[in-house]
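# please find the sequence and the predicted model below.
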Amino acid sequence: MHAAIARLGGCRRGPPALARGLRAGAEAGALPPRVQAFVEEGARLCQPRAVHVCDGSEAEGAALLAQLQDDGLLHPLPKYENCWLARTDPRDVARVESRTVLVTERERDAVPPTAPGATRQLGNWMSPAALEQAVQERFPGCMREPLVSQWPCNPEKTLVAHVPDRREIISFGSGYGGNSLLGKKCFALRIASRLARDEGWLAEHMLILGITDPEGRKKYVAAAFPSACGKTNLAMLTPALPGWRVECVGDDIAWMKFGPDGRLRAINPESGFFGVAPGTSLRTNANAMHTVQRNTIFTNVGQSSDGGVYWEGLELPTTPGVTFTSWLGKPWSPGDPEPCAHPNSRFCAPARQCPIMDPAWEDPQGVPIDAIIFGGRRPQGVPLVFEAFNWRHGVFVGSAMRSEATAAAEHAGKQLLHDPFAMRPFFGYNAGQYLAHWLAMGERAGARLPRLFHVNWFLRDAAGRFVWPGFGHNARVLAWVCRRVDGEPSARPTPVGLVPRPGALDLAGLPGVAYEDLFPVERPFWEHEARQLRRYFDEHFGPDLPPELTAELEALEGRLKKM
Ligand code: OXD
Ligand code: MN
């Protein structure tokens, strides 16, 4: 059974001896007493046959992989070096937002009040008493049973609980990365966003990249897109503009703090990538493809008979006569109606293997952020890029983000979901207070604020075709962002923000891509958008929406009236 508890604060009891049967990679006695007590308590509750204290060594990693292979949980992929395939239980393939909870004494500390009749979207609250009961129903003896299927999970009882006051995470019943890698979404976003609020910094669902222009001038950009909307591709971009270079600091999470010089400095708190496989190829993201040739665990991708992997969008292997097995372990052929790989299948690889890691990616001081970009999948109405008028308007733009649902969580279909700051599934406290925290960060004395932008690579024409080529061509948009940071007067105002003036965005060599198609700002569309947003704010933030954002919405409505 997959069960994990991480307590980052104190333990409740004193330090008795460690559980019987303890096997130590690291020296068990070297554990601090509070950690020993925590292990003892967990072992008493879950009753494992043995406890192993990890030392993180290469030898230990190899032994774990060998054991997982013996148990039939991992399959080697001999086409690559030390790469492995895991096939999960088909019921355990994505984050389970409906069973992810914040545990606080007062509900209002976790989520804003929802209007009667509206379905809660900004997180789920659980009381401490209900958590205690849920733990007692799940954990006692849960590690005693031997493994009954090829994948450890319990979909009926999955629970991913966070206790921000105690900096504690309790995850049960899912082995899927977003539910079970506790250092990632659970700690580095949910618990960390609460720490960041308390301590005056930001923990965000953002990639970080460095971009250097042909004259050698470098800038750093952070960007928030909802899950599975191309953060990894942008973070590892190969620019289609000659002379430009992109380097990667991180592809999913940014912790940002103002430095003594007033600049916002960002670090990537992760050491690896946990990226969506389908759609990744040498054409769309060659750097990711180079990254995953070694030391990588693939989950729920298809397998090729030459010992490799396959997924939708990947170049077909050139080996003659090669056959395929789907993520469900069944024979699969190109053209079959069902996909070979699950749409949320993943690769998990060490970041240091990416050929374009930024020289400063592990610098504890962080990299200075010049621009922050928000974005989402918007097939209609939202321009390719616009810049916010100022910080407060930018916070409004972040709060108004919407995007088509993707396979990263359990949502069905392609409905447009509101996803403020791409943090909807990851807020560690009341989302209204989160917006107030962002506004307050912009008021800090001496802060040299980054400029704020919004992008949409996903506009479609009347025939449903993408109007923007995307991928390496997104560097054209980043180039305009850089020039704006340098103060170039190359923008024109629209009611929604500042868009590039005609000619200011480099479209050379892109036949069929027309400026007018990229910057639709139409009154009926945006009036509808503003109405939807007003309703969303009323239903989901209610009295917890900062008044500055109501004022920004009114200002947008006013500008639209004058169009
Ligand atoms: C992820 C996600 O896995 O956002 O990064 O779901
Ligand atoms: Mn993510």
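Done, it's in. Ligands and ions are numbered 1, 2, ... in the order given.
# so where's the stretch 301-450 of the chain uncertain?
Applying pLDDT under 70 to the stretch 301-450 of the chain flags residues 412.
# now for the residue in it that ligand 1 sits nearest to, how many residues are close by?
With CB to the nearest ligand atom, the shortest gap between the stretch 301-450 of the chain and ligand 1 falls at Ala408, namely 3.9 Å. (C-beta placed from N, C-alpha, C; glycine too.) Residues near Ala408, counting by other CB atoms under 10 Å, number 19.
# tell me who's in contact with it.
Shown in contact with Ala408 (CB atoms under 8 Å, 6 or more residues apart in numbering): 94-95, 178, 226-228, 276, 344.
# now, the residues you listed that are in helices?
Gly178 (DSSP state H).
# near ligand 2, which of the contacts of Ala408 show up?
The subset of the contacts of Ala408 lying close to ligand 2, counting by CB under 5 Å from the ion, consists of Ser227.
# how about the residues of the protein near ligand 2?
Checking the chain against ligand 2 by CB under 5 Å from the ion, the hits are 227, 252.
# which residues of the chain lie near ligand 1?
For the chain, the contact set with ligand 1 under CB under 6 Å from any ligand atom comprises 95, 178, 227, 252, 274, 408.
# which pair of these spans the longest distance?
The largest separation in these, counting by CB to CB, is between Arg95 and Asp252 at 12.8 Å.
# and those two? which has more neighbours close in?
Neighbours per residue, other CB under 10 Å: of Arg95 and Asp252, the larger number sits with Asp252, 25 against 21.
# for the contacts of Ala408, point out the one with the lowest pLDDT.
Lowest in pLDDT among the contacts of Ala408 is Ala228, which has 83.
# once you drop chain neighbours, what's closest to that one?
Residue nearest to Ala228 in three dimensions, not counting chain neighbours: Thr406, with 3.7 Å by CB to CB, 6 or more residues apart in numbering.
# Tyr429 too?
Counting by CB to CB, 6+ apart, the residue nearest Tyr429 is Arg194, at 5.0 Å.
# so the one you found, which state does it fall into?
Classification of Arg194 using DSSP: H, G, I helix; E, B strand; the rest coil returns helix.
# again, but for Ala62
Applying three-state DSSP: Ala62 is helix.
# swap in the one 3 residues further on?
For Leu65, the secondary-structure state derived from three-state DSSP is helix.
# what's the following helix or strand after the helix-or-strand element of the chain with minimal mean pLDDT?
Each helix and strand of the chain was given a mean pLDDT (mean pLDDT, DSSP states H and E); the minimum falls on strand 22-24 at a mean of 51. Sequence order places helix 33-46 as the next helix or strand after strand 22-24, per DSSP states H and E.
# right, and the helix or strand after that next one?
Counting by DSSP H and E, the element after helix 33-46 in chain order, helix or strand, is strand 51-53.
# list the helices and strands that next one packs on?
strand 22-24, helix 33-46 (3 or more CB pairs under 8 Å, 6 or more residues apart in numbering; DSSP states H and E).
# for the protein, which spans come out with low pLDDT?
1-29, 147-149, 412.
# and the helix or strand hosting Phe273, how far from the chain's centre?
In this assignment (DSSP H and E), Phe273 forms part of strand 272-276. Distance, stretch centre to chain centre, for strand 272-276: 9 Å (CA atoms, centre = their mean, to the nearest Å).
# can you list contacts of that strand?
With CB under 8 Å, 6+ apart as the test, strand 272-276 has contacts from 177-178, 181, 184, 228, 232, 251-252, 288, 291, 344-351, 354, 407-408.
# hmm, back to that, which of the contacts of Ala408 ranks first by neighbour count?
Neighbour-wise, these (other CB under 10 Å) top out at Pro226, 27 neighbours.
# quick check: that one touching Gly376?
Yes: checked against CB atoms under 8 Å, the pair Pro226 and Gly376 is within contact range at 5.8 Å.
# now the common contact residues for the two.
With CB under 8 Å, 6+ apart as the test, Pro226 and Gly376 both reach 401, 403, 419, 422.
# list the residues that contact Phe333.
Heads up, residue 333 is Ser, not Phe. Going by CB under 8 Å, 6+ apart, Ser333 touches 323-324.
# rerun at 10 Å
Residues counted as contacts of Ser333 (CB atoms under 10 Å, 6 or more residues apart in numbering) are 323-324, 326, 340.
# what about these, which are in strands?
Taking DSSP state E, the ones among the contacts of Ser333 that sit in strands are Phe324.
# partner residues bridging the residue of the stretch 1-150 of the chain found nearest ligand 2?
The nearest approach of the stretch 1-150 of the chain to ligand 2 comes at Arg95, 9.1 Å away (CB to the ion). On the basis of DSSP bridges, Arg95 is bridged to Ala409.
# does it touch Arg346 like I think?
No: contact criterion CB atoms under 10 Å: Arg95 and Arg346 do not qualify, at 11.5 Å.
# which residues are in contact with both of those two?
With CB under 10 Å, 6+ apart as the test, Arg95 and Arg346 both reach 176-178, 408.
# and Gly210, what are its bridge partners?
In beta-bridge terms (that is, DSSP bridges), Gly210 pairs with Tyr220, Glu247.
# now do the contacts for it.
218-221, 245-249, 356-361, 367, 370.
# show me which of those residues are buried.
218-221, 245-249, 356-358, 360-361, 367, 370 (16 or more other CB atoms under 10 Å).
# now, among the contacts of Ser333, which is nearest to Arg523?
Taking CB to CB as the measure, Arg523 lies nearest Cys340 of the contacts of Ser333, at 44.6 Å.
# what's across from the closest residue in space to the closest one that isn't next to it in sequence in the sheet?
Once flanking residues are discounted, Cys340 sits nearest to Gly302: 3.5 Å by CB to CB, 6+ apart. Beta-bridge partners for Gly302, by DSSP bridges, are Tyr310.
# doesn't Pro317 make contact with Gly302?
No: applying CB under 10 Å as the test, Gly302 and Pro317 come out as separate, 11.0 Å apart.
# quick check, the residue in the stretch 1-150 of the chain closest to ligand 1?
At 5.4 Å from ligand 1, Arg95 is the closest residue in the stretch 1-150 of the chain, using CB to the nearest ligand atom.
# which stretches of the stretch 251-400 of the chain form strands?
Taking DSSP state E, counting those that start in this stretch, the strands of the stretch 251-400 of the chain run over residues 254-258, 264-267, 272-276, 297-299, 302-304, 308-310, 324-325, 331-332, 346-350, 367-368, 371-375, 385-387.
# which one of those strands lies nearest to Leu31?
Nearest to Leu31, of the strands of the stretch 251-400 of the chain and by CB to CB, is strand 272-276 at 24.9 Å.
# okay, the angle between that closest one and strand 346-350?
Angle, strand 272-276 to strand 346-350, by axes from the mean of the first three to the mean of the last three CA atoms, to 10 degrees: 160 degrees.
# residue contacts, the residue of the stretch 101-250 of the chain found nearest ligand 2?
Closest contact between the stretch 101-250 of the chain and ligand 2, by CB to the ion, is at Ser227 (4.7 Å). By CB under 10 Å, 6+ apart, the contact list for Ser227 reads 94-95, 178, 185, 205, 252, 276, 344, 403, 405-409, 419, 422, 424-426.
# cheers, nothing more for now.
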